[in-house]
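heads up, no residue letters with this:
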């Protein structure tokens, strides 16, 4: 049995609003069978449409986001989740689909940057309630900014 590898190359198609053209070539480990695959037009991804964090205690996390950050629950949520009425992208906390305790740190490598008004007031209120502040308020490229850890340890960065 010969091992196969595939290389994919994509480029924007001139005048094709958001579409790109991709072509791939497949080759064997012995480099004997190299063949080109015809180009395929791929529509571009438009951006995040839904964000959900898996949490250990659904109601505790829902209360944190509603009581500490002032978010509102959406009128409907699927079983095992609480969807929050955020815009432009809905945000939810949900029961875990994996063993969260097996991960050394939840959300490592993921950056969530919700926009908010009153950054310093939010910071002060969270600190007063014992929420872990990861980065104190500072003026950055997105305005006034700070980061905190939610009840499960996810780092959330708020900016103005």
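Alright, I've got the coordinates. Since the model is a prediction, treat every value here as computed from it, not as a measurement. Numbering: from 1, shown residues only.

so who does the residue lying closest to residue 55 once chain neighbours are set aside touch?
In space, and not counting its chain neighbours, residue 55 is closest to residue 61: 4.1 Å by Cβ to Cβ, 6 or more residues apart in numbering. (Each C-beta comes from the backbone N, C-alpha and C, glycine too.) Contacts for residue 61 (Cβ atoms under 8 Å, 6 or more residues apart in numbering) come out as 53, 55, 82, 93, 150, 151, 152.

near the second one, how many other residues are there?
Going back to what we said before, that points to residue 55. When counting by other Cβ atoms under 10 Å, one arrives at 25 neighbours for residue 55.

which helix runs longest in the chain?
helix 119-128 (DSSP state H).

in that helix, what's buried?
Judged by neighbour count (16 or more other Cβ atoms under 10 Å), helix 119-128 contains these buried residues: 119, 122, 123, 126.

hmm, who's touching that helix?
68-69, 116, 133, 136-137, 143-146, 148, 158-160.

same deal with stretch 102-118?
Outside stretch 102-118, the residues that reach it (Cβ under 8 Å, 6+ apart) are 51, 53-54, 69, 86, 91, 100, 122, 142, 152-160.

buried among those? Need that as a selection in PyMOL.
In PyMOL syntax, the buried subset of the contacts of stretch 102-118 is picked out as below (16+ other Cβ under 10 Å):
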select buried, resi 53+54+69+86+91+122+152+154+155+156+157+158+159+160
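
just the ones of the contacts of stretch 102-118 in strands?
When these are checked against strands (DSSP state E), the matches are 51, 53, 54, 91, 155, 156, 157, 158, 159.

just to be sure, residue 62 is in a helix?
Yes - applying DSSP: H, G, I helix; E, B strand; the rest coil, one finds residue 62 inside a helix.

and the gap between it and residue 159?
Look at residue 62 and residue 159: by Cβ to Cβ, to the nearest Å, they are 23 Å apart.

good, we can wrap up now.
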